[in-house]
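Undergrad: Here's my sequence, what's the structure:
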Amino acid sequence: RRLEEFLTHSKTILSFAEQDQDAATRACKGLAVYCGEEGGERAAAPLLQVLSDFALSLENGVKKYDERVAAEKKRLAKKKKEKEKEKENSNNRQVRQNTVVAQSSS
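TA: Residues are numbered from 1 along each chain as shown. Have a look, this model is predicted:
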C-alpha cells in the first residue's frame, strides 16, 4: 500500500515536472522566435547570455556614472569650502588692517 501511494505521488510530481519542462521549452522557442533566431529552444541559452551580459554592462555603467557624480559633488564641496576659507582669511586680514589703521590714528 505504501508503495502504491509512493508511486501515485511520484507520478503526480513527474507530471508537474513534465508540464514545467514543456512550458520552459515553449518559452525558449518563443524567445528565439522573438529575437529572430533559428534553432528553436537551443538558441535560448546564447540569447540569455547576451541579455545577461547587456544587463551587467548597464549595471557597471550606472555604477561608473554614480561614482563620477559623487566625485564631482565632492570636488565642488571642496572648492566651496576653500572659497569660504579664503573669504574668511580675507575678512580677517581686513579686520587686522582696520585695527592697525585705527590704532595708528589714535
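Undergrad: Residue ranges in this protein under the pLDDT threshold?
TA: 100, 105-106 (pLDDT under 70).
Undergrad: At which residues are the helices of it located?
TA: Along the chain, the segments classed as helices by DSSP state H run 2-34, 44-105.
Undergrad: Mean neighbour count for those helices - can I get that in CSV?
TA: C-beta here means a position set from N, CA and C on the backbone, and glycine is covered the same way. Supplementary listing: these in CSV, determined by neighbours: other CB atoms under 10 Å:
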stretch, mean neighbour count
helix 2-34, 11
helix 44-105, 10
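Undergrad: In contact with the residue nearest to residue 48 when sequence neighbours are not counted, which residues?
TA: Distances taken as CB to CB, 6 or more residues apart in numbering put residue 31 closest to residue 48, at 7.7 Å, once the chain neighbours are dropped. Contact analysis of residue 31 by CB atoms under 8 Å, 6 or more residues apart in numbering lists 43, 44, 47, 48.
Undergrad: Could you report the distance from the first one to residue 74?
TA: To tie it back to what came earlier, the one meant is residue 43. 47 Å (CB to CB, to the nearest Å).
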